[in-house]
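> Next come a sequence and a model predicted from it.
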Amino acid sequence: MPRAIISPSVLASDFGQLTAECKRMIKGGAEWLHMDVMDGHFVPNITMGAPILSCVSKGVPGIFMDCHMMVAEPEKWVDDIADAGGSLYCFHLEATSDPLSLIDQIHGRNMKAGVAISPDTPSTAITDDLGEAADMLLVMTVYPGRGGQKFIERCVPKVSELRTRFPDKDIEVDGGVGPKTIGVCADAGSNVIVAGTAIFGASNPEQVISVLKATVNEAQARIARK
Ligand code: DX5
Ligand code: ZN
């Protein structure tokens, strides 16, 4: 049974205090930290790259950096992110023509490999072979590019479809997820939960993390009983 993993998106944190913000989240119960890397090409915005991730990895020993690569040519950054201490390299399926080779390249650098799909990409674009090769599948519930957007509910059936084909895989949702929208995500079978605004914007982030986690674990137990 896939376990709940909460991955707060540091895009909603105070970048001036990034290592302290990451430590605060881990103390609050987060298993992973979601690092949104944007290159100004695949998406219009620019956020952070390997030099910043490297500082975070040195400043927060043992951190699991869930790197969401919103970049064109994702093949180009595998070595830099691995050298910076990335734990999981999640690329967009829309950005590559050879996802299977890219997964091999990521595994060759001892990182887990994730495959992300944007709202307009069907879940069937993730073939059985590709899904088996990947360690995690990411269903975006907003258009990639910025934090604080509204959750797009029509993306949720893609989670159910993937959960049916890949019962044991880590399936992540990202975008507009929080206590109000976690229910449908958890019921559909996602177990890795990204939340930026909902966690960093809360007066008690620890409590939000615990609600998200409990909702996922209850849904997973229900799914396992079926
Ligand atoms: C959007 C990013 C998300 C975003 C989530 O492009 O991939 O990770 O930061 O932020 P919220 O939870 O605020 O929608
Ligand atoms: Zn993200």
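Yep, it's here. Ligands and ions are numbered 1, 2, ... in the order given.
> Could you identify the helix or strand that succeeds the helix or strand where residue 67 lies?
The secondary structure element spanning residue 67 is strand 65-70 (assigned by DSSP states H and E). Using DSSP H and E, the helix or strand that follows strand 65-70 in sequence is helix 78-83.
> can you list contacts of that next one?
By CB atoms under 8 Å, 6 or more residues apart in numbering, the surrounding residues in contact with helix 78-83 are 37, 49-50, 53-54, 67, 69, 89, 102, 105-106, 109-111. Heads up, the C-betas are built off the backbone N, CA and C, glycines and all.
> hmm, back to that, adjacent strands (with direction) for the strand holding residue 67?
Listed by DSSP bridges, the sheet partners of strand 65-70 and their directions read strand 33-38 (parallel), strand 88-92 (parallel).
> Throw these into JSON lines and include distance to residue 201, mean pLDDT and mean neighbour count, thanks.
Below are the strands paired with strand 65-70 laid out as JSON lines (distance: least, CB to CB, whole Å; pLDDT from 0 to 100; neighbours: other CB atoms under 10 Å):
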{"stretch": "strand 33-38", "distance to residue 201": "15", "mean pLDDT": "98", "mean neighbour count": "26"}
{"stretch": "strand 88-92", "distance to residue 201": "23", "mean pLDDT": "99", "mean neighbour count": "27"}
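> In JSON lines: these, plus distance to ligand 2.
Supplementary listing: these in JSON lines, determined by distance: least, CB to the ion, whole Å:
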{"stretch": "strand 33-38", "distance to ligand 2": "4"}
{"stretch": "strand 88-92", "distance to ligand 2": "8"}
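> what's the closest of those to residue 217?
Shortest distance between residue 217 and these, using CB to CB, is found for strand 33-38: 19.2 Å.
> Might you calculate how far the closest one sits from the centre of the chain?
Its chain's C-alpha centre lies 8 Å from the corresponding centre of strand 33-38 when counted by CA atoms, centre = their mean, to the nearest Å.
> Is there any residue in it that contacts ligand 1?
Yes: for strand 33-38, a contact with ligand 1 is found by CB under 6 Å from any ligand atom, at 34, 36.
> next structured bit after that strand?
Per DSSP H and E, strand 33-38 leads on to helix 50-59 as the next helix or strand towards the C-terminus.
> and residue 31, helix, strand or coil?
Secondary structure assignment for residue 31 (DSSP: H, G, I helix; E, B strand; the rest coil): coil.
> Perfect, I'm done here.
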